[in-house]
Each structure stands twice: as structure tokens, then as C-alpha cells.
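A.B. asks: Have a look at this prediction, sequence included:
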Amino acid sequence: MPPVFAHGRLRLYLLKLLDEAPRHGYEVIRLLEERFQGLYAPSAGTVYPRLAKLEAEGLVTYATEGGRKVYSITEAGRAELADRSGELADLELEIRDSVTELAAEIRDDVRGAAGDLRREMRAAASASATRVEDESWKAAKEELRKARQEWKEQARRAKDESRRAREEAQQARRQAKEAQERAREEVQRIAGQLQEQFAKSGGVLGSLAEAWLGGSTPTGPAASGTPLVVDTDWAEDLTPSGDAARDLDRLLDRFRDDVRDAARDHGVSAAQLAEARNDLAAAAARLTQTLRARP
């Protein structure tokens with residue numbers, strides 16, 4: 001039987017299931033069996049050790065309810081899931097292929113059993129031509145009918161699952177692309193607003209913002225009038241997660257780190273600190289107004 005999950009992929013799929021809703025171990029096993037249309041069900045010895053390892057790594061946590069552990073994904077787990085969104089789409093395709101291969105094996109087994117059954121029926125017919133319609137013959141025909149019906153049903157379910165997996169993978173790719181485009185447009189918009197605000201307010205934060213956004217290195221307040229050059233590829237290495245609020249937090253963290261680095265490299269005087277406080281207050285007011293506006 002071909003492996004259902006490649007190395008490390010079951011871990012990723014467990015994070016996906018826990019991101020959908022908190023679940024206990026038995027529910028995780030049941031959901032996996034449903035996703036595979038009953039063709040595959042992992043054992044408790046496969047699922048529980050992996051949940052324990054995810055909990056030890058801080059990717060999931062659990063609470064005891066009714067004597068059972070109910071696992072929930074942590075923010076660290078969601079971050080890993082977001083960073084591996086492309087790999088998750090590939091995993092959906094792998095699951096579809098696994099279901100197809102399992103269905104093919106079952107189909108071959110059914111065909112082999114049907115062939116053996118037909119040979120046995122021919123032998124029985126040759127040995128007793130006058131008893132073709134006896135109970136054994138009727139039972140054999142019924143078994144063959146059931147085997148054929150079971151094979152047709154399993155083939156149908158495998159085909160439906162393959163189609164659904166393909167559609168879900170296509171939808172996941174579209175959503176990932178749309179999220180990336182939205183995040184890029186949001187970064188460009190906010191960067192433009194910051195550029196405008198910093199250009200109006202000037203001061204040390206305007207100088208730091210110029211260095212952050214790709215301009216020449218500032219040396220003091222005199223540089224505040226220098227036009228800012230916006231780097232539209234800034235923070236492009238941050239893979240969109242599909243959650244705009246989470247992506248905005250990550251962009252603000254990057255902004256904070258870049259401004260800190262500029263201040264550390266060039267120093268900050270008391271006068272510059274006062275100007276920076278005013279500039280930050282103005283920028284915060286501008287961003288708050290933008291984010292409060294109706295989308």
C-alpha cells in the first residue's frame with residue numbers, strides 16, 4: 001500500500017484540522033477517516049504521539065474536558081501553518097492522489113476476488129451441471145453482484161473525492177494569490193500614507209522613514225525635506241497568511257525593527273526624540289483613521 005502521508009505531512013495536516021476547531025484525539029482520527037472516505041484511518045498510536053510532539057513544540061495546547069484532552073492550535077502553530085500555505089495546497093493534492101491509489105488497490109482486489117469467484121463457479125458448474133440453480137450457485141451469484149456493486153461504489157467515492165480535492169486545491173491557490181495581492185496593495189497604500197505624513201511632519205522620524213523606505217542615509221533634521229523613495233518590494237518576503245489583521249501585525253513589527261535599527265546606527269538626541277514623539281503621534285492618528293474607515 002502506498003504511503004498516505006509523506007514525511008512530515010501528517011504533522012501539517014493535524015495543524016490544519018486544529019486550526020478549523022479545537023478537537024480531541026479520537027475526533028482527529030475520525031475526521032481523517034472521513035476525509036479519506038473510509039479508505040484510510042490512522043491508528044491512535046500514529047496520531048497521539050504527534051499531537052504530544054506538537055504540544056511540546058508549543059504549536060498546540062490542550063485543556064482537559066470530561067477526562068479527555070481537547071487540543072487547540074496556538075499562535076505559533078497558526079504562524080507555521082501560514083508560512084506553509086503553499087505546502088498545504090500541495091498536501092491536498094497528495095491526499096487526492098493517495099485516495100486514488102487506495103481506491104485503485106481496492107478495485108484490483110475486488111477484481112481479483114471476482115475472478116477467483118468466477119473460476120470457482122465454472123468449476124462448480126462443470127462438476128454438477130444439473131444443479132446450476134442450487135443454493136450454492138445462487139449464493140455465488142449474489143456474492144459476485146455485491147462485489148461488483150461495492151467496487152462501483154468505491155470507484156464513485158474515489159472519483160468524487162478526487163474532484164473535490166482538485167477543486168479545493170485550485171481554490172486554495174486562488175485565495176493565496178488574492179491574499180498576496182491584497183497584502184502588497186495594503187503595504188503600498190500604507191507606505192504612501194506614511195511617506196505623505198512623514199514629509200509633512202519632518203524631523204528625525206522623517207529622516208528615519210527615508211532610510212527605512214529606501215532613501216539616502218539621513219544625518220539630522222536637515223534631511224527631513226528630502227523626498228522619500230518608496231520601496232514597493234519592502235517586506236515582500238513576509239508570506240501572506242490570508243488573515244489581514246495578522247499580516248498587518250507582522251508589517252508593524254517589521255516597521256518597528258527597521259526604525260530601531262536606524263536609530264541605533266545613527267543615534268538619537270533629546271531634540272530628535274521630541275520630534276519623533278510628535279511624528280509617531282501624527283502617524284498613529286493617520287493610520288487609526290485609515291483602519292477605522294469602512295473597507
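C.D. replies: Sure, I can see it.
A.B. asks: ok, which stretches of the protein are strands?
C.D. replies: Assigned by DSSP state E, the chain shows strands spanning 23-24, 60-65, 68-73.
A.B. asks: now the last one, how far from the centre of its chain.
C.D. replies: A distance of 19 Å separates the centroid of the chain from that of strand 68-73, by Cα atoms, centre = their mean, to the nearest Å.
A.B. asks: which residues are in contact with it?
C.D. replies: Identification of contacts with strand 68-73 by Cβ atoms under 8 Å, 6 or more residues apart in numbering yields 15, 18-19, 22-26, 28, 51, 54-55, 59-64, 81. Where you see a C-beta, it was placed from the backbone N, CA and C, and this is true even at glycine.
A.B. asks: quick one: least confident helix or strand in this structure?
C.D. replies: Lowest mean confidence among the helices and strands of the chain (mean pLDDT, DSSP states H and E): helix 203-213, at a mean of 50.
A.B. asks: Neighbours of the spatially closest residue to R35 that is not a sequence neighbour, how many?
C.D. replies: Computed as Cβ to Cβ, 6 or more residues apart in numbering, the closest residue to R35 that is not its neighbour in sequence is I95, at 6.8 Å. Neighbourhood size, I95 [other Cβ atoms under 10 Å]: 23.
A.B. asks: Let me see the contact set for I95.
C.D. replies: Contacts of I95 by Cβ under 8 Å, 6+ apart are V4, Y13, R35, F36, A165.
A.B. asks: Hmm, which of those residues is lowest in pLDDT?
C.D. replies: Lowest pLDDT of the contacts of I95: V4, 57.
A.B. asks: V60: neighbouring residues, count only.
C.D. replies: Other residues near V60 come to 23 when the count uses other Cβ under 10 Å.
A.B. asks: can you map out the helices along the protein?
C.D. replies: 9-20, 25-35, 44-56, 75-83, 85-127, 135-201, 203-213, 244-266, 270-292 (DSSP state H).
A.B. asks: Please identify the most buried of those.
C.D. replies: With neighbours defined as mean count of other Cβ atoms under 10 Å, the helices of the chain peak in mean count at helix 203-213, which reaches a mean of 24.
A.B. asks: In contact with D247, which residues?
C.D. replies: A179, A183, E186, L238, P240, S241.
A.B. asks: Now with 6 Å, please.
C.D. replies: Contacts for D247 (Cβ atoms under 6 Å, 6 or more residues apart in numbering) come out as A183, P240, S241.
A.B. asks: just curious, which of the contacts of I95 is nearest to R148?
C.D. replies: Of all those, R148 sits closest to F36, with 22.7 Å by Cβ to Cβ.
A.B. asks: Name the spans of the stretch 151-295 of the chain whose pLDDT lies under the cut-off.
C.D. replies: Scanning the stretch 151-295 of the chain for pLDDT under 70 picks out 187, 191-232, 294-295.
A.B. asks: ok, now with 50
C.D. replies: Applying pLDDT under 50 to the stretch 151-295 of the chain flags the ranges 203-204, 211-223.
A.B. asks: Centroid-nearest residue for this protein?
C.D. replies: For the chain, S85 is the residue whose C-alpha lies nearest the centre (Cα atoms, centre = their mean; 3.9 Å).
A.B. asks: how about that residue, what does it touch?
C.D. replies: Applying Cβ under 6 Å, 6+ apart, the residues near S85 are A176.
A.B. asks: any idea how far L32 is from it?
C.D. replies: Between S85 and L32 the distance is 20 Å, computed by Cβ to Cβ, to the nearest Å.
A.B. asks: I figured A76 hits L59, correct?
C.D. replies: Yes. Using Cβ atoms under 6 Å, A76 is in contact with L59, at 5.5 Å.
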